[in-house]
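K.L.:
need coordinates for the following:
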Amino acid sequence: MANPFRRDDDNSPVLIVGLGRFGYSVARSLVAMGQEVLAIDTDPVLVQRYADELTHVVQADATDHDALEQLGISDFDKAVVGISVNVEASVLATIALSEAGVSDIWVKASSLDHGKILERIGAHHIVYPERSMGEQVAHMIVGGMSQYLEFDDDFAIARTMAPAEQWGKTFSETGIRAKHGVTIVGVKRMGEDFMYAVPETLVEQHDELVVSGPTKKVEHYCALAKPKLHRPRS
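P.N.:
Have a look, this model is predicted:
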């Protein structure tokens, strides 16, 4: 069976294996971006539910090599495996995709051990949604951030409100890089377009800043914007 989604351009369709919350969320976001997807799941209820919303949805068993071959998985360059509760199914689906020559395989893992297995059998990217989101929320709760992204090499990017020490001043006046060891990438002012930061950029009280640098220094700088809580005396 020929794959009706085969493309030779850079915007090739993406195969989504599993339509649980994670798989569906990825598929929906890709479609919203104008990307074609072929989503498969064993549950006929989910297949029917999303048939009109996603590009193409098929009921199939991702652990069945013959079924996947009939769907033409070897023609896909990118695939996402959203199965994580059933570790065996996740592993078998990943093996099938790897053996089919899919060059960019993203797989959701339920644990670090699960992730290590997936890496060994051919997954190119391991995703830990709950763990990553938990870390981001924790940083946002204690660090005065509205968004946070940490990389493996002790580098982070965060979005935070401008601290009081920066109000009404330019970056050259406050010397943020020398004082705090971070770089201000840009400024977002309410009702205005994003501005890339330059030394002469004047910051107002309600501006949001995009900050980058070593993780601890970014966390320390963003904490300056966190409002101080005053508990009433007993």
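K.L.:
pLDDT value on Val80, please?
P.N.:
We have a pLDDT of 94 for Val80.
K.L.:
need the contact partners of the helix or strand Val45 falls within.
P.N.:
Applying DSSP states H and E as the criterion places Val45 in helix 44-50. Contact with helix 44-50 is made by Leu19, Tyr24, Ala27, Ala39, Asp41, Val57, Val58, Gln59, as judged by Cβ atoms under 8 Å, 6 or more residues apart in numbering. To be clear about C-beta, it is placed using only N, CA and C from the backbone, and glycine gets the same treatment.
K.L.:
what do you get for stretch 199-215?
P.N.:
With contacts defined as Cβ under 8 Å, 6+ apart, stretch 199-215 is touched by 146, 150, 154-162, 166-172, 181-190, 195, 197, 218, 221-222.
K.L.:
one more time with 7 Å, if that's ok
P.N.:
150, 154-162, 166-167, 169-172, 181-190, 195, 218, 221-222 (Cβ atoms under 7 Å, 6 or more residues apart in numbering).
K.L.:
picking that back up, what's in contact with the helix or strand following the helix holding Val45?
P.N.:
The C-terminal neighbour of helix 44-50 among helices and strands, as given by DSSP H and E, is strand 56-59. Residues outside strand 56-59 that contact it (Cβ under 7 Å, 6+ apart) are Leu38, Ala39, Ile40, Asp41, Thr42, Pro44, Val47, Tyr50, Ala51, Leu71.
K.L.:
partner residues bridging Lys169?
P.N.:
Val203 (DSSP bridges).
K.L.:
what about it, neighbour count?
P.N.:
Lys169 has 15 neighbours, counted by other Cβ atoms under 10 Å.
K.L.:
okay, it and Leu46: tell me how far apart.
P.N.:
54 Å (Cβ to Cβ, to the nearest Å).
K.L.:
how about Leu202?
P.N.:
Distance of Leu202 to Leu46, given as Cβ to Cβ: 52 Å.
K.L.:
neighbour-wise, which of the two wins?
P.N.:
A count of neighbours by other Cβ under 10 Å puts Leu46 above the other of Leu202 and Leu46, at 18 against 13.
K.L.:
would you mind measuring from the more buried one to Leu54?
P.N.:
The gap separating Leu46 from Leu54 is 11 Å, by Cβ to Cβ.
K.L.:
and for Gly101?
P.N.:
24 Å.
K.L.:
so which of those two has more stuff around it?
P.N.:
Using other Cβ under 10 Å as the criterion, Gly101 and Leu54 rank with Leu54 on top: 20 against 11.
K.L.:
spit out the contact partners of the more buried one.
P.N.:
Taking Cβ under 7 Å, 6+ apart as the test, what Leu54 contacts is Ala27, Val31, Val37, Ala39.
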